[in-house]
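Participant: pasting the structure only:
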């Protein structure tokens, strides 16, 4: 799922102990959203609705995302439950994609490798941003332009159905959301974002899109091997 160019960022200077607590809350919440998405995806693999109405699910997910931004900006208590509604809807949308993938000859292996690869890429980049404490915000404009191009190319390929373009889009998306992982983790560890809900949603979208990009690439490269 494409992400907004930037989820809200409220720069500020906060104490290192407060940053450490923010990091702890963020990654606990991120882990919980991953569990919700995984469980919802398993249900989505066996439900008719995600197959029959994918666009309705995506519209509901976008609605939940913007509700999170609105409620979170006002520090409303409903923002946290909406995070789990949003990630649950994304999990349901993911179900049919996973079901199609596991039906390929090497499908289960592709899913497993995509999950492991996502953990390695996200974990490695997050650790680098944490240790280096570098400010990666300078990448934001470049990544946003790249994201717009990827979205437009992806929409065009719905009609063109060109495997080479699909591979190019997936590769570019992997690069872009890897970059966003650096940017978002930098915002977190440098105290540029003090709302754990906002930064969690940003990181969640990074993880999800890295996984989907790897899933597409590995499905094409390995999924049809016997």
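Facilitator: Yep, it's here. Fair warning: this is a prediction, and the values are worked out from it, not measured in the lab. Residues are numbered from 1 along each chain as shown.
Participant: could you say what helices and strands the lengthiest helix in the chain packs with?
Facilitator: What stands out as the longest helix in the chain, according to DSSP state H, is helix 16-44. Packing contacts for helix 16-44, counted by 3 or more C-beta pairs under 8 Å, 6 or more residues apart in numbering; DSSP states H and E, involve helix 79-102, helix 163-189, helix 196-222. All C-beta atoms are positioned from the backbone trio N, CA, C, and that covers glycine.
Participant: need the ones you listed in TSV (columns: distance to residue 53).
Facilitator: Formatted as TSV, the helices and strands packed on helix 16-44 follow (distance: least, C-beta to C-beta, whole Å):
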stretch	distance to residue 53
helix 79-102	10
helix 163-189	23
helix 196-222	19
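Participant: residue 115 is nearest to which of those?
Facilitator: Of all the helices and strands packed on helix 16-44, it is helix 196-222 that lies closest to residue 115, at 6.8 Å by C-beta to C-beta.
Participant: and the closest one, what's buried?
Facilitator: 196-219 (16 or more other C-beta atoms under 10 Å).
Participant: show me how far the longest helix of the chain is from its chain's centre.
Facilitator: In terms of C-alpha atoms, centre = their mean, to the nearest Å, the centre of helix 16-44 is found 12 Å from the chain centre.
Participant: then stretch 183-202?
Facilitator: For stretch 183-202, the distance to the chain centre is 14 Å (C-alpha atoms, centre = their mean).
Participant: could you check how far the closest residue to residue 173 other than its chain neighbours is from residue 96?
Facilitator: Closest residue in space to residue 173, ignoring its immediate chain neighbours: residue 213 at 4.4 Å, by C-beta to C-beta, 6 or more residues apart in numbering. Distance, residue 213 to residue 96, by C-beta to C-beta, to the nearest Å: 17 Å.
Participant: return the backbone torsion pair for residue 77.
Facilitator: phi -70, psi -20 (degrees, to the nearest 10).
Participant: residues in contact with it?
Facilitator: Counting by C-beta atoms under 8 Å, 6 or more residues apart in numbering, residue 77 makes contact with nothing.
Participant: report the separation between it and residue 197.
Facilitator: In terms of C-beta to C-beta, residue 77 sits 11 Å off from residue 197.
Participant: now swap in residue 52 and tell me
Facilitator: 31 Å.
Participant: same question for residue 220.
Facilitator: For residue 220 relative to residue 197 (C-beta to C-beta), the value is 35 Å.
Participant: count of neighbours near residue 38?
Facilitator: By the criterion of other C-beta atoms under 10 Å, residue 38 has 14 neighbours.
Participant: so who does the closest residue in space to it that isn't next to it in sequence touch?
Facilitator: Nearest non-adjacent residue to residue 38, counting by C-beta to C-beta, 6+ apart: residue 91, 6.7 Å away. The contact partners of residue 91, taken as C-beta under 8 Å, 6+ apart, are 36, 37, 38, 39, 40, 41, 43, 44.
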